[in-house]
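1. build me a structure from this.
(chains A, B, C and D)
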Amino acid sequence: MRRFREQVQNTEGGTDLIIRTSVRLMVPFIQLFGLYVIVHGHYSPGGGFQGGVLLGSAFILLALAYGVEYSKKYMSEFANFLTVNIGVFIFVGFGILCALVGGFFLDYGAMANVFPMPLPEWRYWGVFVVEVGVGMGVMGIMVSLYWDLASAGSRKEGL
Amino acid sequence: MSVVVTIMLAAGLFFFAVGTLGVLRFPDFYTRLHAAGKCDTFAAILTLAALALFNLQEFTVENLLVSLKIMSIAAFVFIASPTATHALTEAALIVGVEPWEKKGKS
Amino acid sequence: MDQVFLYSGIVLCVLILFSLVRVVWGPTVLDRIVGGSVIGAKTPVLLLLMGLLYDNVGMFVDIALAYALLNFIAALGATKYFLRRRAARLDAGKPAEKEFL
Amino acid sequence: MAKVSTFLILYAFWIFLSGMFDAVHLFLGAVAALLVTFMSSTLLFNEESPALRTGAVFGMLGYLPWLFKEIVIANLQVAYIVLHPRMLDLIDPQLIRFRTRLKHPFSRATFAQSITLTPGTVSVSIRDDEFTVFALTNSAAEALPGEMEKRVAAALERE
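-> Below is the predicted model:
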């Protein structure tokens, strides 16, 4: 038994086929589930934050199985940067837009002043836009937090 | 229908109990993983199938979709649980957790 | 039928309590991870039972799906973390710690 | 081809996740499925995966019932060992290694997962074409690779 263990230890760092295959099969469905949670935030538990966490965890799973360097093929650092900033921009920008047209911050009903649509419709679409923004921001922050913490700042290797 | 659901639920709970007992009783880490990996997968699939079947009692489209979701949890567990078991075993072997060996063997 | 679900939920809670023994007293860190993942395998079923008792399965099934998923990531991540920590200690010339194993 | 089938599978998954058939949600589902297809189309079907061949799908359908029967046997065996009062007499843990004839990475991963789920064995690692397996009892150790490898080969490696 000891001899076997030494042999396994000496070949450390080999490709781990099992984890890779199952992660590869799971990740697209996890991403779709995250998007579903973001879109259906009104009717079921969840919303922007939870969906963002699920989307981010899909990329974290990819980085765990394949390494940070490989997972950047699916989510480059620049794309991550863009995602975070556009998400925060959508959230804050929509809130301030509501304030500019005569309501409070994030007061979706006020948007009816500029673009006539029934009030419940505006509530629905306002929540939807803000949740998309929150989801993008949370997802990007989760992924970049993982990259920084797991590779001690170098963003090369990962766990 | 409800008899079948009850039997499947009871069987699932029995295998959950076996898995937990195995995790408590086995002598070392690797043998514990045997109990945890196998019994939990099978018991989770059994209980989830029972709940999906119960949910289909009144057959509507909505209930069918919820049952399909429950079965997708089962499919997810069916792929994920052996993977986690494999990762834990390999990690323990690399880190060097001492295995339990039968007395009288070299 | 609600009675059956209620008692099943109670049995699952008791089993989770027993699994906690392994989490608290497990001799090695990896034993604790196994205890955690054993609890995590029972929790989606418990959530669904709760959903059936409250007549709101459609809501709880989403939570159960997300829980099963995050549980898998937690087990994988913890495993990778301990592997990496050992490798880092060996690279720094220190012996691999025995107090956790 | 791979992208189209990924999109179709993801869209079907979305429809049964969502459960709403109005135009807005179907459109949002199409957008989400396109987004995921764009992000990770090389994950679900790539050169490692034989899943695009229809023969492999039917082979898998034939293989799963047998695997399920084996899982039931495995659980009964574990239950017998756990509930036996003198458990330590029954078990004899040991590591074994063997070479596999399977060529395809996907079928190797399937084989490893099946080993983990079936009686008395947990797969430890795959290095090149060598499997390391942790067996709980002597009889389980002697039974490998055995019938299961033949069945996996028949299911997935038919050309």
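2. what is the burial count for the closest residue to residue A:71 other than its chain neighbours?
-> Spatial nearest neighbour of residue A:71, excluding adjacent residues (CB to CB, 6 or more residues apart in numbering or on different chains): residue A:63 at 4.0 Å. The C-beta positions use only the backbone N, C-alpha and C, and glycine is treated the same way. Look at residue A:63: counted by other CB atoms under 10 Å in any protein chain shown, it has 24 neighbours.
3. helices and strands around the host helix or strand of residue A:63, which ones?
-> Assessed by DSSP states H and E, residue A:63 sits inside helix A:48-66. Secondary-structure packing of helix A:48-66 (3 or more CB pairs under 8 Å, 6 or more residues apart in numbering or on different chains; DSSP states H and E): helix A:17-39, helix A:68-71, helix A:119-150, helix C:57-91.
4. which one of these is the most hemmed in?
-> Highest mean neighbour count among these (mean count of other CB atoms under 10 Å in any protein chain shown): helix A:17-39, with a mean of 24.
5. just to revisit the earlier point, what's the angle between the helix holding residue A:63 and helix C:57-91?
-> Here helix A:48-66 runs at an angle of 40 degrees relative to helix C:57-91 (axes from the mean of the first three to the mean of the last three CA atoms, to 10 degrees).
6. starting at the chain centroid, how far to helix A:48-66?
-> Here helix A:48-66 is found 6 Å from its chain centre; the criterion is CA atoms, centre = their mean, to the nearest Å.
7. stretch C:35-44: how far from the chain's middle?
-> 4 Å.
8. in it, what counts as buried?
-> With burial defined by 16 or more other CB atoms under 10 Å in any protein chain shown, the residues of stretch C:35-44 counted as buried are C:35, C:36, C:37, C:38, C:39, C:40, C:41, C:42, C:43, C:44.
9. so which helix or strand takes in the closest residue to residue A:24 other than its chain neighbours?
-> Excluding the flanking residues, the one nearest residue A:24 by CB to CB, 6+ apart is residue D:43, at 5.0 Å. Using DSSP H and E, residue D:43 sits within helix D:23-44.
10. for that helix, name the packing helices and strands.
-> Other helices and strands packing on helix D:23-44, by 3+ CB pairs under 8 Å, 6+ apart, are helix A:17-39, helix D:2-18.
11. dump the C-alpha coordinates for the first one into CSV.
-> Written as CSV, here are the backbone C-alpha positions of helix A:17-39 (Å, rounded to 0.1, in the frame of the first residue of the first chain):
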residue,chain,number,x,y,z
LEU,A,17,-9.7,13.4,-16.3
ILE,A,18,-12.7,12.6,-14.1
ILE,A,19,-13.2,16.0,-12.6
ARG,A,20,-12.6,17.7,-15.9
THR,A,21,-15.2,15.6,-17.7
SER,A,22,-17.9,16.0,-15.2
VAL,A,23,-17.3,19.7,-14.8
ARG,A,24,-17.3,20.2,-18.5
LEU,A,25,-20.7,18.6,-18.7
MET,A,26,-22.2,20.6,-15.8
VAL,A,27,-21.0,24.2,-16.5
PRO,A,28,-23.3,25.2,-19.3
PHE,A,29,-26.3,24.1,-17.4
ILE,A,30,-25.2,25.9,-14.3
GLN,A,31,-24.8,29.1,-16.3
LEU,A,32,-28.2,28.7,-17.8
PHE,A,33,-29.6,28.1,-14.3
GLY,A,34,-28.0,31.3,-13.1
LEU,A,35,-29.5,33.3,-16.0
TYR,A,36,-32.9,31.7,-15.1
VAL,A,37,-32.6,32.8,-11.5
ILE,A,38,-31.8,36.4,-12.6
VAL,A,39,-34.7,36.6,-15.1
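12. let me know the angle separating the helix or strand residue B:32 falls within from helix C:57-91.
-> Element membership for residue B:32 (DSSP H and E) is helix B:29-55. Computed with the same axes, to 10 degrees, the direction of helix B:29-55 lies at 170 degrees from that of helix C:57-91.
13. helix B:29-55 close to chain C?
-> Yes: Helix B:29-55 lies within reach of chain C by CB under 8 Å from any CB of the partner chain, at B:29, B:32-33, B:36, B:40-41, B:43-44, B:47-48, B:51, B:54-55.
14. and that helix, how far from the chain's centre?
-> Taking the mean of its C-alpha atoms, helix B:29-55 sits 2 Å from the chain's own mean (CA atoms, centre = their mean).
15. now do the helix or strand that comes right after it: which elements does it pack against?
-> Counting by DSSP H and E, the next helix or strand C-terminal to helix B:29-55 is helix B:61-95. In terms of contacts (3+ CB pairs under 8 Å, 6+ apart), helix B:61-95 is packed against helix A:2-10, helix A:17-39, helix B:29-55, helix C:29-53, helix C:57-91, helix D:2-18, helix D:105-117, strand D:121-127.
16. how about a cut-off of 6 Å?
-> With contacts defined as 3 or more CB pairs under 6 Å, 6 or more residues apart in numbering or on different chains; DSSP states H and E, the packing partners of helix B:61-95 are helix A:2-10, helix A:17-39, helix B:29-55, helix C:29-53, helix C:57-91, helix D:105-117, strand D:121-127.
17. listing partners with orientation, what would you give for the last one?
-> Looking at strand D:121-127 with DSSP bridges, its paired strands and their directions are strand D:130-135 (antiparallel).
18. report the inter-axis angle for the partner strand versus helix B:61-95.
-> Using the same axes, to 10 degrees: strand D:130-135 against helix B:61-95 is 100 degrees.
19. give me the angle between strand D:130-135 and helix D:105-117.
-> Angle of strand D:130-135 versus helix D:105-117, following the same axes, to 10 degrees, is 10 degrees.
20. avg pLDDT for the helix or strand that strand D:130-135 is followed by?
-> Downstream of strand D:130-135, the next assigned helix or strand under DSSP H and E is helix D:138-142. On average, the pLDDT along helix D:138-142 is 73.
21. buried residues in helix D:138-142?
-> Neighbour-count burial for helix D:138-142 [16+ other CB under 10 Å]: D:140, D:141.
22. list of residues touching it?
-> Residues outside helix D:138-142 that contact it (CB atoms under 6 Å, 6 or more residues apart in numbering or on different chains): D:92, D:94, D:96, D:119, D:120, D:121, D:135.
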